[in-house]
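1. Attaching a predicted model along with its sequence, questions to come.
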Amino acid sequence: MLEIADNGRTWLLSGPASSYAVHLTEDDELLHLHWGPRIALADAEALAVRPLPDYRPFESPLDGREEYPVEGGPRFVRPALSVRTDERRGTEWRFERYEAEGDHLRLGFRDGGLAITLHYRMRHDVVERWVTLDNEGPALELLRADSATWTLPEREEWRLSQLHGRWAAESRLTASPLTYGEKVIGSRRGHTGHQHLPWVALDTDATEEYGEVYGCALGWSGSWRIAVAQLPDARVQITGGVGYDDSGLLRLEPGESYTTPVFAGLWSDGGFGGASRAWHAYQRAYVIPDADQDRPVLFNSWEATEFDISEEQQGALARRAAAIGVELFVVDDGWFGKRTSDRAGLGDWTVNRDRFPKGLKPLADYVHALGMQFGIWVEPEMVNPDSDLYRAHPDWVQFQPGRKRTEFRNQLVLNLAREDVREYLWEQLDALLSSAPIDYVKWDFNRCFTDAGWPGESYPQRLWVDHVRGLYALLGRLRAAHPGVAFESCSGGGGRIDLGIMSRTDQVWTSDNTDPLDRLAIQHGFSQIHPARVMAAWVTDSPNTQLNGRVSSLRFRFVSSMAGVLGVGGDLTRWTEEELAEAGEWVALYKEIRPLVQHGDLYRLRPPRGGLSAVQYMRGDEAVVLAWLQAQSHGEPVPALRLRGLDPTAWYECPETGEIHSGAVLLHHGLRTGLRGDLDAAVFRLRRI
């Protein structure tokens, strides 16, 4: 809901539980008023008449109070907007107008020929903010154009939570006291990165289920930066947007415009769990395509075959996958060009006829006849030097003239900022998706930007922004032309996970690390911001030869993966009949609980810190608990779990234990009988009776 004061200078956006208010002074200074519990418009107007603090030497009364600080004038905080022309640098704007359309508020400012529009929209209790810059004057350079600056209320002893990591160890949750100065996280790698997810949360004393939490998440899949600053007067501001440094984003010619990605903010008084559930509900309602549809159980051939694939071999895997209840069969790397290793073939998106003599259609038809959907793996943004594409167009990659072209995984990065590159990829991928009944594409991105040059381009820095915009445009074009095809975002695992890519894909590959114990911590961090509906998780072979050699039971592997979108990635031709039968039972159970896992509310009952960990999903009158016992020391009994979200006046039946529980349920007997020894796991369902 959007409310506007009679004087047209105070604006209040409200959701079910929270409000956000801004005010324009008579001097055209846009000030932040409130972000927190829901208030009335009269409350916002009362806040608007409070005077700014008295002037103090070497300080600005605007710092820490301004809604979107620009560079120039009486400001010393980090600017969200930095503009340079041939004559000058900085911004001296004046207010022009506001526009209200439903719950969408637009505040328009102008500095000469540059029109600056700040956008606001409240969805549930998530505030979406972004900026549009229209150049109606001479050419100018955008050095920095952040999506938003968030101002927090005055509190003592803020604590900052973030998700950090590296390849195969993504989304690790950490929290630390916020001190004076700036904490900066981001990526200068050209993609979102394994090292940080573009999300931060701040609190003072919140627990999993109680207390205030402020969170911010950026919807951008390229290089990015979020800066959290505690200012000298103890106020806190969070600024974030595209690009890691201030060396230049884009050059706007007359008539050109630029729209930043959304930087979303959420206030919750339900602790970290309540904040997560609000983020999840927002993404399912407004971000994820077709989020109301169940994601199918998939099989992926990579760990079973790697590059050594053939139509006959894939058919044998498909038969076994169908027998255990798999719904989507995916052929991974190795089906195209001269792709017999990672040294050749990327860029040549035509079927390898030695491996698939009549193309992919016969295998896709066979998979469909088995009752499954059919999917393939691609990596369109990359090229091997040993490929027909690179030999024909060596200038299509990112490179610096006169410098060595750095290779990671024997590949280079195509410049998707170029229209001819995007058109080539469109033609190749459109032809591929039209050549066979393909239902699913796993879209990979297996290296970072290194030599991000664009010889011959007058403003080569724009590659960093326009590559991502080109990716978004290509995905959008493919989805429009092939609406029945689902897409998964992958980047060596979790290297490209953010609200931007999630608005264009159906799920994401969480990590290349498929070890079920390691995955508990990765999935715990991932769940702070993103829902299980997009979190792909595979059951692979034991020992885990891909990473750490750990031995784990099929039971533990399945229950770990059932916390998200279940997949299977092991070599089914080597599984015993007993293992296949057990796998079929787990797949059948997952399909029963899938509506709760993929569409329900998540409660993190115990974090994965050794010993017992557990999550609960709740939807309507049903709940499911997934529990893992990592280690049991000295025969100590398994601790009880108090469940969340149930009606305390109702009664619930647990078919796994045969017991009847009250709504204030404490799982005790079932845990002790169902979990015995190290690396054990169990599933408990509860239905209201």
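-> Great, that's in hand. Numbering: from 1, shown residues only.

2. residue contacts, residue 363?
-> 311, 314-315, 318, 331, 356, 374 (Cβ atoms under 8 Å, 6 or more residues apart in numbering). Using the backbone N, CA and C atoms, a C-beta is placed for each residue, glycine as well.

3. Among those, the buried ones, what's the PyMOL command?
-> To isolate the buried ones among the contacts of residue 363 in PyMOL, judged by 16 or more other Cβ atoms under 10 Å, type:
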select buried, resi 311+314+318+331+356+374
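
4. Between which two of the contacts of residue 363 is the distance greatest?
-> Longest distance between any two of those is 13.4 Å, between 318 and 356; criterion Cβ to Cβ.

5. sorry, back to before: can you redo the contacts of residue 363 as JSON lines with pLDDT?
-> JSON lines is the format used below for the contacts of residue 363 (pLDDT from 0 to 100):
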{"residue": "311", "pLDDT": "97"}
{"residue": "314", "pLDDT": "98"}
{"residue": "315", "pLDDT": "98"}
{"residue": "318", "pLDDT": "98"}
{"residue": "331", "pLDDT": "98"}
{"residue": "356", "pLDDT": "97"}
{"residue": "374", "pLDDT": "98"}
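
6. Pick the one among the contacts of residue 363 closest to residue 338.
-> Using Cβ to Cβ, residue 356 is the member of the contacts of residue 363 that sits closest to residue 338, with 13.6 Å.

7. what about the longest strand in this structure?
-> Scanning the chain for the longest strand, with DSSP state E as the assignment, gives strand 140-152.

8. Show me the shaky parts of this structure.
-> For the chain, residues meeting the criterion pLDDT under 70 lie at 633-635.

9. show me where it has helices.
-> For the chain, applying DSSP state H gives helices covering 41-48, 271-282, 302-305, 311-323, 361-369, 388-392, 419-435, 463-481, 499-502, 516-526, 554-561, 577-599, 669-674.

10. what sits against the nearest residue to residue 356 once chain neighbours are set aside?
-> Spatial nearest neighbour of residue 356, chain neighbours left out: residue 311 (5.0 Å); criterion: Cβ to Cβ, 6 or more residues apart in numbering. Residues near residue 311 by Cβ under 8 Å, 6+ apart: 355-357, 362-363.

11. Residue 627: which of the residues you listed is nearest?
-> For these, the nearest to residue 627 is residue 363 (39.1 Å; Cβ to Cβ).

12. quick one, what contacts the residue positioned nearest the centre of the chain?
-> Nearest to the mean C-alpha position of the chain, by Cα atoms, centre = their mean, lies residue 498 at 2.8 Å. Listed by Cβ under 8 Å, 6+ apart, the contact set of residue 498 reads 192, 197-198, 217-221, 224.

13. farthest pair in the residues you listed?
-> 217 and 221 (12.8 Å).

14. So for these two, which sits in the more crowded spot?
-> residue 221 (31 against 26; other Cβ atoms under 10 Å).

15. surely that one meets residue 499?
-> No - applying Cβ atoms under 8 Å as the test, residue 221 and residue 499 come out as separate, 9.1 Å apart.

16. isn't residue 30 right next to residue 10, touching?
-> No - in this structure residue 30 lies outside contact range of residue 10 using Cβ under 8 Å: 10.9 Å.

17. Run through the strands of the stretch 151-300 of the chain in chain order.
-> Secondary structure of the stretch 151-300 of the chain by DSSP state E, counting those that start in this stretch: the strands cover 159-164, 172-177, 181-187, 196-203, 213-218, 224-230, 236-242, 250-252, 257-259, 263-268, 298-300.

18. who are the neighbours of the first one, in terms of helices and strands?
-> So the one you mean is strand 159-164. In terms of contacts (3 or more Cβ pairs under 8 Å, 6 or more residues apart in numbering; DSSP states H and E), strand 159-164 is packed against strand 172-177, strand 181-187, strand 196-203.

19. Convert it to PDB, retaining C-alpha atoms only.
-> What follows is strand 159-164, C-alpha atoms only, in PDB (Å, rounded to 0.1, in the frame of the first residue of the first chain):
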ATOM      1  CA  ARG A 159      25.700  -7.500  14.200                       C
ATOM      2  CA  LEU A 160      26.400  -8.200  10.500                       C
ATOM      3  CA  SER A 161      25.500 -11.600   9.000                       C
ATOM      4  CA  GLN A 162      26.700 -12.600   5.500                       C
ATOM      5  CA  LEU A 163      27.300 -15.600   3.300                       C
ATOM      6  CA  HIS A 164      30.900 -16.300   2.200                       C
END
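
20. Which residues does that strand contact?
-> Applying Cβ under 8 Å, 6+ apart, the external contacts of strand 159-164 come out as 170-178, 183, 185, 195-197, 199-204, 228, 272, 525-526, 528-529.

21. mind listing what's buried in that strand?
-> Residues of strand 159-164 classed as buried under the neighbour-count rule (16+ other Cβ under 10 Å) are 159-164.

22. wait, which of those residues is closest to residue 286?
-> For these, the minimum distance to residue 286 (Cβ to Cβ) is 21.4 Å, reached by residue 163.

23. Please report the distance of the closest one from residue 430.
-> According to Cβ to Cβ, to the nearest Å, residue 163 and residue 430 sit 36 Å apart.

24. which residues sit in contact with residue 664?
-> 642, 646, 648.

25. which residues sit in contact with the second one?
-> Each residue near residue 646 by Cβ under 8 Å, 6+ apart is listed here: 618, 623, 652, 663-665, 686.

26. Distance check, residue 650 against residue 664.
-> Separation of residue 650 from residue 664 (Cβ to Cβ): 10 Å.

27. I should have written residue 60 there, sorry.
-> Relative to residue 664, residue 60 is positioned 53 Å away (Cβ to Cβ).

28. just curious, which of the contacts of residue 664 is nearest to residue 437?
-> Using Cβ to Cβ, the contacts of residue 664 come closest to residue 437 at residue 646, 43.7 Å.

29. got a markdown table for the strands of the stretch 151-300 of the chain, with distance to residue 94 too?
-> Listed next are the strands of the stretch 151-300 of the chain as a markdown table, based on distance: least, Cβ to Cβ, whole Å:
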| stretch | distance to residue 94 |
| --- | --- |
| strand 159-164 | 35 |
| strand 172-177 | 40 |
| strand 181-187 | 29 |
| strand 196-203 | 32 |
| strand 213-218 | 28 |
| strand 224-230 | 27 |
| strand 236-242 | 22 |
| strand 250-252 | 19 |
| strand 257-259 | 19 |
| strand 263-268 | 24 |
| strand 298-300 | 55 |
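
30. Nearest to residue 143, out of those strands?
-> Closest approach to residue 143 among those is made by strand 250-252 (9.5 Å; Cβ to Cβ).

31. Identify the residues contacting that closest one?
-> Applying Cβ under 8 Å, 6+ apart, the contact partners of strand 250-252 are 133, 135, 139-142, 145, 258, 458-459, 461-462, 465-466.

32. try stretch 457-468
-> 141, 190, 220-223, 242-243, 247-251, 381, 398, 415-417, 449, 452-454, 500.

33. Weed out the non-buried ones from those residues.
-> Among these, those buried by neighbour count (16+ other Cβ under 10 Å) are 141, 190, 220-223, 242-243, 248-251, 381, 398, 415-417, 449, 452-454, 500.

34. Give me the spatial nearest neighbour of residue 511, chain neighbours excluded.
-> Closest residue in space to residue 511, ignoring its immediate chain neighbours: residue 493 at 4.1 Å, by Cβ to Cβ, 6+ apart.

35. what's around the one you found, how many residues?
-> For residue 493, the neighbour count with other Cβ under 10 Å is 24.

36. residues touching it, list them.
-> 167-168, 170, 194, 509-513.

37. Go again with 10 Å.
-> Counting by Cβ atoms under 10 Å, 6 or more residues apart in numbering, residue 493 touches 165, 167-171, 194, 444, 446, 508-514, 522.

38. joint contacts of residue 30 and residue 10?
-> Between them, residue 30 and residue 10 share these contacting residues under Cβ under 10 Å, 6+ apart: 22-24.
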